[in-house]
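Novice: what follows is a predicted protein model with its sequence.
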Amino acid sequence: MRIGILQCGKSPAQLKADLGDYPDMFVRLLAGRGFDFTVWDVEEMNFPDTVHEADGWLLTGSRHGAYEPHAFIPPLEDFIRQAYADQVPMVGICFGHQIIAQALGGKVVKYDGGWSVGTQDYDFEGEKLRLNAWHQDQVVDLPDDAEVIGRNTFCENAALVYNDRALTIQAHPEFDDSFVQGLMDTRAKGVVPDELLTRAAGRMGEAKASARIADRIEAFFKQARVRVNTAKQGAA
């Protein structure tokens with residue numbers, strides 16, 4: 001199954017050589033699950049010609065806000081709406097979670113409750129999962145088709161599903177602790193409050209449930225493919 005990675009941002013240059021860029025992290029997260037990957041750097045305005053160039057789409061994180069006036073955001077929103085209309089499944093992580101919600105009629109804001117950094121605990125439909133996070137922006141108003149499947153006390157809309165067309169997650173299953181530490185060292189100073197960084201440092205090393213999220217992503221993409229193939233056979 002071919003997954004198109006829409007790269008919406010870049011890893012800090014200081015971290016990229018040792019820890020990789022965002023697409024590299026997703027390839028590692030989903031390794032051995034029967035996926036082939038092609039990357040389009042949409043932040044640099046490199047878009048697929050059509051939404052059908054892949055069997056599914058994965059939208060990465062970004063340092064940008066979905067509501068900010070960057071050149072790549074309007075065409076990305078158009079692409080999301082077209083993929084949704086054509087029932088090409090999408091998975092969005094952090095910024096990807098936010099931009100899918102915004103494109104489909106939701107609202108994303110710079111959350112006045114501040115930042116979520118490092119190890120966080122989430123409730124995914126009764127399953128307790130621990131994941132790394134790095135965000136201040138949040139989805140605060142949901143699109144009509146969105147259903148909340150993951151939350152915690154800080155982030156009410158931490159994971160959403162849109163029927164069988166999109167699965168989105170605010171946290172970062174692709175981030176390991178070494179990358180979060182790198183972000184703390186390179187992007188946090190003067191931005192993230194010191195007490196949050198201290199708390200994040202204190203939870204380094206706690207086991208994460210990234211593999212459980214990879215299971216969910218795999219199941220979502222593969223179930224969507226079965227649906228599409230069944231529909232095609234029915235139309236033949």
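Specialist: That came in fine, so what should we check first? Residues are numbered from 1 along each chain as shown.
Novice: only C-alpha atoms from now on, for both contacts and neighbour counts.
Specialist: Noted.
Novice: in the protein, which spans are helices?
Specialist: All helices of the chain, identified by DSSP state H, fall at 13-19, 22-29, 73-85, 95-103, 177-186, 194-202, 210-235.
Novice: need those helices in JSON lines with distance to residue 116, can you?
Specialist: Shown next, in JSON lines, are the helices of the chain (distance: least, C-alpha to C-alpha, whole Å):
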{"stretch": "helix 13-19", "distance to residue 116": "20"}
{"stretch": "helix 22-29", "distance to residue 116": "19"}
{"stretch": "helix 73-85", "distance to residue 116": "24"}
{"stretch": "helix 95-103", "distance to residue 116": "14"}
{"stretch": "helix 177-186", "distance to residue 116": "12"}
{"stretch": "helix 194-202", "distance to residue 116": "8"}
{"stretch": "helix 210-235", "distance to residue 116": "17"}
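Novice: out of those, nearest to residue 112?
Specialist: Taking C-alpha to C-alpha, helix 194-202 is the member of these nearest to residue 112, at 15.0 Å.
Novice: buried residues in that closest one, which are they?
Specialist: Going by neighbour count (16 or more other C-alpha atoms under 10 Å), the buried part of helix 194-202 is 197, 200-201.
Novice: could you list the low-confidence segments of this protein?
Specialist: The chain contains residues with pLDDT under 70 at 228, 231-236.
Novice: residue 83: which of the buried residues of helix 194-202 is nearest?
Specialist: Taking C-alpha to C-alpha as the measure, residue 83 lies nearest residue 200 of these, at 36.5 Å.
Novice: what's the closest non-adjacent residue to residue 38?
Specialist: With sequence-adjacent residues excluded and distances taken as C-alpha to C-alpha, 6 or more residues apart in numbering, residue 38 is closest to residue 4, at 5.0 Å.
Novice: the one you found against residue 50, yeah?
Specialist: No. Using C-alpha atoms under 8 Å, residue 4 makes no contact with residue 50, being 11.3 Å away.
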